[in-house]
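Asker: Predicted coordinates and the sequence they were generated for:
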Amino acid sequence: MRIRQLDARAFDISRDAMTSLLRDSVAAGASIGFLANVTDEELARYLNEVGERLSRGDLVVWAAEREEALVGSVQLSLITKANGLNRAEVQKLLVHSRARRLGIATALMQAVERHARGIGRRLLYLDTLAHSDAERLYQRLAYQRVGEIPDYAADPKGHYCATALYYKQLTHMD
């Protein structure tokens, strides 16, 4: 498995694979902002936004590849407000349904944390579907659960679900 950070050009080259990964994640029930009937146009619009943010430098994206195929991805949204330059939000941690339980999510999160430390971001935060496998992953990685918000977002089937909020303070030694 290889984890690599994507620049805007590499991301653009990976668009078809990213679209497939998003579709697989939605089909597997991931609450990532899309409903089951997501259209190609919606996905294209979202990926355009990701590409624009990569070009601006306020978003970082990693890809996990196995045997030349994209099997996972994660994003780090960099806060650009003067009072928040110490923090960043982890977003869209995705692992293809056929590649789960192989350590890919952990490897992606380790890449995020290394990068965050390297650019002086010492506080990471995220939200995830409450009571999910993802919660167990974040807990294993020493993220602290703050609480949950009921009926925060709809899952792909349109049912509103709670989201759990997490953070992790990074040190030089983590």
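Answerer: Sure thing, it's come through. Note that the structure is a prediction, hence the values are computed from the model and not measured.

Asker: Can you give me the buried ones in the longest helix seen in the chain?
Answerer: Ranked by number of residues, the top helix in the chain under DSSP state H is helix 40-56. Buried residues in helix 40-56, counting neighbours by 16 or more other CB atoms under 10 Å, are found at L43, Y46, L47, V50, G51, R53, L54. For the C-beta atoms, the positions are set from N, CA and C on the backbone; glycine is no exception.

Asker: ends of stretch 73-89, how far apart?
Answerer: Start-to-end span of stretch 73-89 (CA to CA, to the nearest Å) is 14 Å.

Asker: Quick one: mean pLDDT over it.
Answerer: Averaged across stretch 73-89, the pLDDT comes to 97.

Asker: Ok, stretch 100-115 next?
Answerer: On average, stretch 100-115 scores 97.

Asker: Mind listing what's buried along that stretch?
Answerer: Using 16+ other CB under 10 Å as the test for burial, stretch 100-115 gives I104, A105, A107, L108, M109, A111, V112, E113, H115.

Asker: One more: stretch 123-131?
Answerer: L124, Y125, L126, D127, T128, L129, A130.

Asker: quick one: the last one from V61, how far?
Answerer: Right, A130. For A130, the distance to V61 (CB to CB, to the nearest Å) stands at 25 Å.
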